[in-house]
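>>> when you get a sec, could you give me coordinates for this:
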Amino acid sequence: MFTNFIVVTLLTQQLLFPLAITETEQRTGMMYRRGWGEWAGMIFVFPGPQQVGFWMKNTYLPMSIVYTDEELNILEIHQGIPFNTEVMVSRTSRVRYVLELDPAKTNLIFTHYESFRRSLKKKLQRRGL
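Reported below is the predicted structural model:
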């Protein structure tokens with residue numbers, strides 16, 4: 001289903017992220033997946049800054065859900081609990097990207113977030129995203 005991917009290298013690890021760009025990709029997200037596999041997470045790309053809401057309906061995997069602005073600065077972090085139908089609405093309308101992260105990768109990503117942010121931003125810009 002996902003055809004666009006980005007790889008970000010942190011230290012010696014290559015982190016693979018599918019991009020959820022289309023409405024169908026964004027509506028489905030990580031629903032129904034039983035494992036992270038080779039993915040470190042998923043990146044939702046919105047056409048512009050906006051208020052967003054995410055929920056965990058039909059989602060088996062716990063995750064960190066990170067709302068970021070245009071520059072990938074962290075605005076909010078939510079903990080996604082499997083099958084929770086409560087919508088996690090952003091407190092701001094400045095959300096441009098949402099990162100759904102594998103809990104096994106969050107420590108690496110957050111510890112080196114500035115490097116991760118810069119690398120991811122360059123890769124998104126090269127694609128016009």
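>>> so in this protein, which helix runs the longest?
Assignment by DSSP state H gives helix 113-126 as the longest helix of the chain.
>>> that one: how far from the chain's middle?
Relative to the centre of its chain, helix 113-126 is centred 13 Å away, using Cα atoms, centre = their mean, to the nearest Å.
>>> with stretch 52-68 instead?
With Cα atoms, centre = their mean, you get 9 Å for stretch 52-68.
>>> cool, stretch 38-55 as well?
Counting by Cα atoms, centre = their mean, stretch 38-55 comes out at 5 Å from the chain centroid.
>>> and it, end to end?
Taking Cα to Cα, to the nearest Å as the measure, stretch 38-55 stretches 23 Å from start to finish.
>>> using the three-state scheme, assign the most centrally placed residue in the chain.
By Cα atoms, centre = their mean, the mean C-alpha position of the chain lies nearest to L99, the distance being 1.6 Å. Taken by DSSP: H, G, I helix; E, B strand; the rest coil, the conformation at L99 corresponds to strand.
>>> pretty sure it sits against N73.
No - using Cβ atoms under 8 Å, L99 is not in contact with N73, being 12.0 Å away. Quick note: C-beta positions are derived from backbone N, CA and C, even for glycine.
>>> bridged to the residue nearest to the centre of the chain, which residues?
Note on L99: beta-bridge partners I43, V66, judged by DSSP bridges.
>>> pLDDT wise, what is it at?
At L99, the pLDDT value in this model is 99.
>>> one more: the one 10 residues further on?
In the predicted model, I109 carries a pLDDT score of 98.
>>> again with the one 4 residues further on
The score at Y113 is 98. That number is its pLDDT.
>>> how close does the residue nearest to the centre of the chain sit to S64?
8 Å (Cβ to Cβ, to the nearest Å).
>>> again, but for Q13
17 Å.
>>> tell me which of those two has more neighbours.
S64 (18 against 12; other Cβ atoms under 10 Å).
>>> quick one: the helices in the chain?
Counting by DSSP H, the helices of the chain are 23-28, 103-111, 113-126.
>>> looking at the shortest one now, give me its mean pLDDT.
Per-residue pLDDT values across helix 23-28 average out to 96.
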